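>>> here is a sequence together with a model predicted from it:
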Amino acid sequence: DVKVTQSSRYLVKRTGEKVFLECVQDMDHENMFWYRQDPGLGLRLIYFSYDVKMKEKGDIPEGYSVSREKKERFSLILESASTNQTSMYLCASSSPMGTEAFFGQGTRLTVV
Amino acid sequence: GEDVEQSLFLSVREGDSSVINCTYTDSSSTYLYWYKQEPGAGLQLLTYIFSNMDMKQDQRLTVLLNKKDKHLSLRIADTQTGDSAIYFCAEHSGGYQKVTFGTGTKLQVIP
């Protein structure tokens, strides 16, 4: 059974904190993605990675960075959390020629 | 750039058909997808269609693609309460990594 696992379902952080969201996949996929989901805005791509140590900016990278040191793990970093980063964060992975992206359960982050 | 639009909300009675519509802008899209998100869960692929197809049927699901109008629809026959979820349209274009999602349509099924 294929799996994308996000380390936390719910997180509450204070403004200005450094926040790490972790994602692990067990399918040996090259591609990994971070999206944020907001009501009425759908999913917006923050960053993606198509190989270890490779990263590309998505549509809304400002205020975020990522790290991919191992193929199975893709981390999203909020260097200094702000209230407008309160959102649902979804990680996904896919193979380069695959037609399906597999999603994790999501992390609901609240910044207070 | 790519843009995918959907209506935000749809309400149907149990047993009726549901039709969820989507428009997209990128004429170079190769695949178009429908994903389903149940409450508290991530997204799960329901079905997809190649851009050179007009229709795809899979049990209760029918996908129609009008490439000229850049319009995609998902029809769910005999809608059940378990179909209540958010449905996302998505297009695959600009290289194999890039998938653009719509805003999502929340389907409410009334018993």
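Ah, there it is.
>>> other SSEs contacting whichever strand or helix holds A:S75?
If you go by DSSP states H and E, A:S75 is part of strand A:73-78. The helices and strands touching strand A:73-78, judged by 3 or more CB pairs under 8 Å, 6 or more residues apart in numbering or on different chains; DSSP states H and E, are strand A:19-25, strand A:31-38, strand A:42-49, strand A:64-70, strand A:87-94. For the C-beta atoms, the positions are set from N, CA and C on the backbone; glycine is no exception.
>>> distance between that strand and the chain's centre?
In terms of CA atoms, centre = their mean, to the nearest Å, the gap separating the centre of strand A:73-78 from the centre of its chain is 6 Å.
>>> partners of it in the sheet?
strand A:19-25 (antiparallel), strand A:64-70 (antiparallel) (DSSP bridges).
>>> looking at those strands, which is nearest to A:F48?
Minimum separation from A:F48 across these (CB to CB) falls at strand A:64-70, 8.4 Å.
>>> which residue is it, in chain A, that comes closest to chain B?
Using CB to the nearest CB, A:F103 is the residue of chain A that sits closest to chain B, at 3.5 Å.
>>> name the residues linked to that residue by a beta bridge.
Taking DSSP bridges as the rule, A:F103 bridges to A:A92.
>>> residues in contact with it?
Applying CB atoms under 8 Å, 6 or more residues apart in numbering or on different chains to A:F103 gives the contacts A:V4, A:L90, A:C91, A:A92, B:G42, B:L43, B:Q44.
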